[in-house]
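Visitor: just to be clear, the model below is a prediction. Sequence and coordinates:
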Amino acid sequence: MTDEELIRRWREKRDDSDFRELADRHFDQVRWLVLCAVRDNAMTEDLVQEIFFKVARKLDRFEGKAAFSTWLYRIALNTVNTHQTSRRDRKTQPLADDDPPQADSADQPDRAAECRELDAAIRDAVRDLPDSLRNAISLTAMNGFSPTEAAEIENCTLSSMYRRLHDARKILKERLEKFL
């Protein structure tokens, strides 16, 4: 059964199991999208819950002009952007369990320190990008969407998405120049 068929059935019967199935299909991707943006496990869980509450409240308004997943990821990005804007001045915390493996500090203390510094610099540089550029990088580089899919989610043209990616990479390259 497709997402759209599940939505149609949910609208007819209002069966919570239909919504749960729909949410289960997309939960991991939405969680990863949010996690890449906020880099905080507890905040990710709160935002994902908020996103699916919004989806449940707005599902009757889904018109099917785009794929359900596109509509869902748009809601997710808007929720993350609102959160990021309201907390712009706070520093994000590194992830405890999901940080990339780093050199053993007992064997290579200098290398481990460099890895931690680079990780923090990348996290800060991505966090400080304007929303549209951060979303472009998050959708493509961190979440594996094609530029075409990212443009659809962001409701922009493909050329705009390519421009955003170019601009984001240029800014990140400048901010991370000392590591290159």
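Guide: Thanks, I have the structure now.
Visitor: could you check how many residues crowd around residue 64?
Guide: Per other C-beta atoms under 10 Å, the neighbour tally for residue 64 reads 11. Every C-beta, even on glycine, is put in place using the N, C-alpha and C of the backbone.
Visitor: now the lengthiest helix in the chain, how far from the centre of its chain.
Guide: Of all the segments assigned as helix in the chain under DSSP state H, the longest by residue count is helix 16-38. Here the centre of helix 16-38 is set off from its chain's centre by 11 Å, with C-alpha atoms, centre = their mean, to the nearest Å.
Visitor: now do the buried residues in that helix.
Guide: By neighbour count on 16 or more other C-beta atoms under 10 Å, the buried set for helix 16-38 is 18-19, 22-23, 26, 29-38.
Visitor: wait, which of these is closest to residue 153?
Guide: residue 33 (9.4 Å; C-beta to C-beta).
Visitor: show me what contacts the closest one?
Guide: Residues counted as contacts of residue 33 (C-beta atoms under 8 Å, 6 or more residues apart in numbering) are 73, 76-77, 80, 138-139, 142-143.
Visitor: of the residues you listed, just the buried ones, PyMOL syntax please.
Guide: In PyMOL syntax, the buried subset of those is picked out as below (16+ other C-beta under 10 Å):
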select buried, resi 73+76+77+80+138+139+143
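Visitor: export the contacts of residue 33 as a markdown table, with columns for secondary structure.
Guide: A markdown table is the format used below for the contacts of residue 33 (DSSP: H, G, I helix; E, B strand; the rest coil):
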| residue | secondary structure |
| --- | --- |
| 73 | helix |
| 76 | helix |
| 77 | helix |
| 80 | helix |
| 138 | helix |
| 139 | helix |
| 142 | helix |
| 143 | coil |
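Visitor: for the contacts of residue 33, which one is nearest residue 8?
Guide: Set against residue 8, the nearest of the contacts of residue 33 by C-beta to C-beta is residue 73 (20.5 Å).
Visitor: which residue, neighbours along the chain excluded, lies closest to the closest one?
Guide: residue 153 (4.5 Å; C-beta to C-beta, 6 or more residues apart in numbering).
Visitor: what do you get for residue 27?
Guide: Using C-beta to C-beta, 6+ apart, the nearest residue to residue 27 is residue 48, at 7.4 Å.
Visitor: pretty sure that neighbour sits against residue 31.
Guide: Yes - Residue 48 lies in contact with residue 31 (C-beta atoms under 8 Å); the separation is 5.2 Å.
Visitor: kindly export the helix or strand containing residue 151 (C-alpha atoms) in PDB.
Guide: Using DSSP states H and E, residue 151 maps to helix 147-154. Output of helix 147-154 as PDB, limited to C-alpha atoms (Å, rounded to 0.1, in the frame of the first residue of the first chain):
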ATOM      1  CA  PRO A 147      19.700  17.600  -5.700                       C
ATOM      2  CA  THR A 148      16.400  17.000  -7.500                       C
ATOM      3  CA  GLU A 149      14.700  15.500  -4.500                       C
ATOM      4  CA  ALA A 150      16.200  18.200  -2.200                       C
ATOM      5  CA  ALA A 151      14.800  20.900  -4.600                       C
ATOM      6  CA  GLU A 152      11.400  19.300  -4.400                       C
ATOM      7  CA  ILE A 153      11.500  19.100  -0.600                       C
ATOM      8  CA  GLU A 154      12.700  22.700  -0.400                       C
END
